[in-house]
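Trainee: just coords:
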């Protein structure tokens, strides 16, 4: 299987180092890294069963939007949007609802975010974009992949296909039994459309019409009359950029403080070990 990853936080070997992990957490929240691990787990399982005729796109920003779709699987059997999730617990997918079992109340309650809705919205977004590009696909299937083996889902006519951790291999094997609807050229064209979208060229700016000589002269005289007033000075572009990047949310300050605390603890422990070894040497 061919894998194309567009994440800015993975290096060429697909590894997220400590610096990028901190950057990703600050940008996307505390749960971001566990979602990336879930994505990696799903990719490894699919690679065992799917051959080179399949292409998996990771972390794709749909052109014209700010939505990042975690996984798009392009196969001879069609296009599928996969949403891997590391959530843990007992859930129920009933119609459009996404419920979680509350052990204290001994009943199911609505769970946020609604993973069914998010997966379905991403699939519809990809389908709409490809149709606008002139590719009349019959559908883009929405698949919710649960990667925690301790997670169980009770399904009752769910809106999306739900695959639990122990069934990912079966999903890949079952996929290849479907009737092919695309060849390799089609897959390459769709991949290029998603990875290297062709943005519309800007319309040429119309040239201003020439003004009469009299009007131009009056404009010059009027401008000279008011030259004594100071004009507002604009900030340099670099200063504006620095100002726009200064605000940090309260959650980011808390995360930085916690990381600094653990670093200080580690330094103190090493210092105590060194002093102890020096005294008893």
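Mentor: Perfect, thanks for sending it. Here the structure is a predicted model, which is why all the values come from computation and not from measurement. Numbers count the residues shown, from 1 in each chain.
Trainee: ok, now how distant is residue 46 from residue 2?
Mentor: Per Cβ to Cβ, to the nearest Å, residue 46 is found 11 Å from residue 2. For glycine as for every other residue, the C-beta is placed from the backbone atoms N, C-alpha and C.
Trainee: Who has more neighbours out of those two?
Mentor: Between residue 46 and residue 2, counted using other Cβ atoms under 10 Å, the more crowded position is residue 46 (22 against 16).
Trainee: what residues are up against the more buried one?
Mentor: 1, 54, 56, 73, 168, 172 (Cβ atoms under 8 Å, 6 or more residues apart in numbering).
Trainee: is it true that the first one touches residue 48?
Mentor: In other words, residue 1. No - in this structure, residue 1 is not within contact of residue 48 by Cβ atoms under 8 Å, at 9.1 Å.
Trainee: quick one, which of those two is more surrounded?
Mentor: residue 1 (17 against 10).
Trainee: In the stretch 51-200 of the chain, where is pLDDT below threshold?
Mentor: Along the stretch 51-200 of the chain, the parts satisfying pLDDT under 70 run over 199-200.
Trainee: what are the ranges of the helices in it?
Mentor: For the stretch 51-200 of the chain, helices defined by DSSP state H, counting those that start in this stretch occupy the ranges 115-132, 168-175, 184-195.
Trainee: And the residue nearest the centre of the chain, how close does it get to residue 17?
Mentor: Closest to where the C-alpha atoms of the chain average out (Cα atoms, centre = their mean) is residue 68, at 3.3 Å. Using Cβ to Cβ, residue 68 is found at 20 Å from residue 17.
Trainee: Give the full set of residues in contact with residue 127.
Mentor: Counting by Cβ under 8 Å, 6+ apart, residue 127 makes contact with 79, 137, 139, 140.
Trainee: Most neighbours among these, please name it.
Mentor: Counting by other Cβ under 10 Å, top hit in the contacts of residue 127: residue 79 with 24 neighbours.
Trainee: Walk me through the domains of this protein.
Mentor: Under the assignment named as automatic domain parsing, the residue ranges that make up the domains of the chain are 2-195, 248-279.
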